[in-house]
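Student: attaching a predicted model along with its sequence, questions to come.
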Amino acid sequence: MNVTDMKASLPPGVRLGRRLSFVWRPWPLCVTLLLAAATFLVFCVSIGVGDFPIGLPQVVATLFGRGEQVDAFVIMDLRMPRALAGVVVGVALGVSGAITQSIARNPLASPDVLGITSGASAVAVFLVTVSGGTAAAIVDSVGLSAAALAGGLGTGLLVYFLAWRRGVDGFRLILIGISVSAVMEAVTTWLLVTADIRDVARAQAWLVGSLEDRSWGEVWTALWCGLALLVVVSCVAFQFRPMHFGDDVAAGLGVRYARVRAVLLLCAVLLAGVAVSAAGPVPFVALVAPQVAMRLARCPTPPLAASGLTGALLLTGSDLVARTALPVSLPVGVVTAAIGGPFLVHLLVRANLR
Amino acid sequence: MYKSQVNRSKGEPVVAQSVTEAEVGGASRLAARGVTVGYGGRVVIDELDVAIPPGVITTIIGPNGCGKSTLLRTLSRLLKPARGTVVLDGEDIGRLRTRDVAKKLGLLPQTPVAPEGLTVADLVARGRHPHQSWLRQWSSDDADVVERALAMTGVSDLADRPVDALSGGQRQRVWISMTLAQGTDLLLLDEPTTYLDLAHALDVLDLVDDLHESGCTVVMVLHDLNLATRYSDNLVVMRDGSILAQGHPRDVITAELLHEAFGLRARVIDDPVGDRPLIVPIGRTHVQPGHLPAQGS
């Protein structure tokens, strides 16, 4: 490894071997590593907490395969799915939000705004509240999460195609996303108002977003889908970098921007879909995580890795708080907004004072 | 003389003599052959032919909406012509890979945007994108070229500053620097002096002339006719999507042509400080009696 010492003005480069070279930016790298470490710590603490408390060292030992039998059972079979689901959902939401915000060049453009969560909610509530042969059959055959996922993806793609006019324009995307979301939310409200009260309680539980009672099966599916999408995103991300300067500059720098944008937006929709299918519509993470990551890492645009890790930290942290610090056990979705919102406001106010 | 340069039938502009003088350096590197370009159903450029002479500054002028920017965007492959081809170094630009085009042709569009907080060095460094890959994101070549591009445009001292904190003139220098970092000797600039005051506009055009001196072929769109006349060796005058005249400003700029292209009444006099013509526009008011409209130009 060889850190070339450039003149003060330019970022220095790092070269590994003959072909690999990267820009050396210590601060964003440190922030990303710290976020990863913090996420792992919260993840382990979260696993240790419960009716049968396990100390942090034992949790770590068990994770690396050197723990006791009893601990291993509690950790791997009972608590791991929930904790892992938190990380997967957090990363998926953080990265998804970073992509949509970068593409729209607008911090409001989170997947929540683009109709994915509202579409999934509408379908889920519809299936829960409308008693009848077909709805029940769908829920029985594919499961509520999968049906909601299909609804979310369908709505996301609908927004994308409605916003398409010789390419996708950020403002158009947001306006159409908000409009379609409003329609979906109206449908959800209408269904809840007209439905039987017992169904409403079930639907409500799904609507706030929760990590409770995750099975290994659900978590594995979300994990592998999420990982596959992250691989695609990281391959395309390099081509995305000039697109922060607008389509014309990107084209001038040799980027086929329409294709890159279509691929990334599709990945963002699918990642949000993965999150919705694993935890229901957890609000606010996709909006706040990229903005927090951007300010922590001092980057002009949402950094993908740091956004994902911030999302994971926010979600696992919120879940831990939801389970332990509060007198009643709340769904995680309630806490993410309560923690993430003030933190973003704090960062913004601090930037104003400077 | 004027009649001999201009052929009003579409698609057959007669190129003035002095361009051949400029073409001594070799065949044109960039040319449009019979291109028709439109947005939706509206045709903006119709059956247009133009060859960009190498090693000189070519400026496209013409009234608003005549298709200047559309022509530049077509030459740079931002727009795909409905008919006809754009030829870059002997090859159809539409068949080249986007990345290969970017290695030969640098483009500065009209209003580029930079994310808030991005530093000058990072912006200019992005100009290396066509030469980089996922694995090779920052080689020592990149560093050298960016360093040179910063120095050449006189923004080395601003390298650590955020782009949004700069003045309009400095910002334009930085964008030109990014285009230079792309390492092409063919630069297409779409109205590089828009929103700049006259002093900063001159500053940017002096820089463009430095680039030309260092061997670049430059094609730009300008609104200001006197600046275009002063700084270009080859003018392309457009009207209604076709070329009205092309050639050295001394041969092209006449009162008749200005009237025909822009509907502008003007006197063309010798530039007291340069060796090119100077256009003195004549409006309805604030003109001495001898030049009032009734007398004609």
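Tutor: In hand now; what should we look at?
Student: where does A:L211 land in three-state SS?
Tutor: Using DSSP: H, G, I helix; E, B strand; the rest coil, the structure places A:L211 in coil.
Student: no, scratch that, I was asking about A:P327
Tutor: Using three-state DSSP, the structure places A:P327 in coil.
Student: for burial, what's the neighbour tally of it?
Tutor: When neighbours are counted by other C-beta atoms under 10 Å in any protein chain shown, A:P327 registers 5. (C-beta placed from N, C-alpha, C; glycine too.)
Student: what of the one 4 residues further on?
Tutor: When neighbours are defined as other C-beta under 10 Å, A:P331 has 22 of them.
Student: dump the residue contacts of the residue nearest to it when sequence neighbours are not counted.
Tutor: Leaving aside its sequence neighbours, A:P331 sits nearest to A:S210 (C-beta to C-beta, 6 or more residues apart in numbering or on different chains; 3.9 Å). Going by C-beta atoms under 8 Å, 6 or more residues apart in numbering or on different chains, A:S210 touches A:279-280, A:331-333.
Student: look up the pLDDT of A:S210 for me, please.
Tutor: A:S210 carries a pLDDT value of 77.
Student: same question for the one 3 residues further on.
Tutor: Predicted confidence (pLDDT) for A:D213: 73.
Student: for it, what are its contacts?
Tutor: Shown in contact with A:D213 (C-beta under 8 Å, 6+ apart): A:R82.
Student: roughly how far apart are it and chain B?
Tutor: According to C-beta to the nearest C-beta, to the nearest Å, A:D213 and chain B sit 40 Å apart.
Student: now, which of the contacts of A:S210 lie within helices?
Tutor: Of the contacts of A:S210, the ones assigned to helices by DSSP state H are A:279, A:332-333.
Student: sketch out the strands for the stretch 151-297 of chain B, chain order is fine.
Tutor: Under the criterion DSSP state E, counting those that start in this stretch, the stretch 151-297 of chain B carries strands at the ranges B:186-190, B:217-221, B:234-239, B:242-247, B:265-270, B:277-282.
Student: now distance to B:H291 and mean neighbour count too, for those, in a markdown table please.
Tutor: Below are the strands of the stretch 151-297 of chain B laid out as a markdown table (distance: least, C-beta to C-beta, whole Å; neighbours: other C-beta atoms under 10 Å in any protein chain shown):
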| stretch | distance to B:H291 | mean neighbour count |
| --- | --- | --- |
| strand B:186-190 | 34 | 24 |
| strand B:217-221 | 30 | 25 |
| strand B:234-239 | 23 | 26 |
| strand B:242-247 | 24 | 24 |
| strand B:265-270 | 7 | 15 |
| strand B:277-282 | 5 | 18 |
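Student: mind checking which of these is nearest chain A?
Tutor: Evaluated with C-beta to the nearest C-beta, these place strand B:186-190 nearest to chain A, the distance being 8.2 Å.
Student: parallel or antiparallel, list what pairs with that closest one.
Tutor: If you go by DSSP bridges, strand B:186-190 pairs up with strand B:106-108 (parallel), strand B:217-221 (parallel).
Student: export the ones you listed as JSON lines, with columns for mean pLDDT and distance to A:R350.
Tutor: Compiled in JSON lines, the strands paired with strand B:186-190 are given as follows (pLDDT from 0 to 100; distance: least, C-beta to C-beta, whole Å):
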{"stretch": "strand B:106-108", "mean pLDDT": "94", "distance to A:R350": "36"}
{"stretch": "strand B:217-221", "mean pLDDT": "96", "distance to A:R350": "44"}
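Student: would CSV of those strands with distance to A:A312 be doable?
Tutor: Listed next are the strands paired with strand B:186-190 as CSV, based on distance: least, C-beta to C-beta, whole Å:
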stretch, distance to A:A312
strand B:106-108, 40
strand B:217-221, 49
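Student: how far away is B:A165 from B:Q288?
Tutor: Distance from B:A165 to B:Q288, counting by C-beta to C-beta, to the nearest Å: 47 Å.
Student: actually, A:A147.
Tutor: Look at A:A147 and B:Q288: by C-beta to C-beta, they are 82 Å apart.
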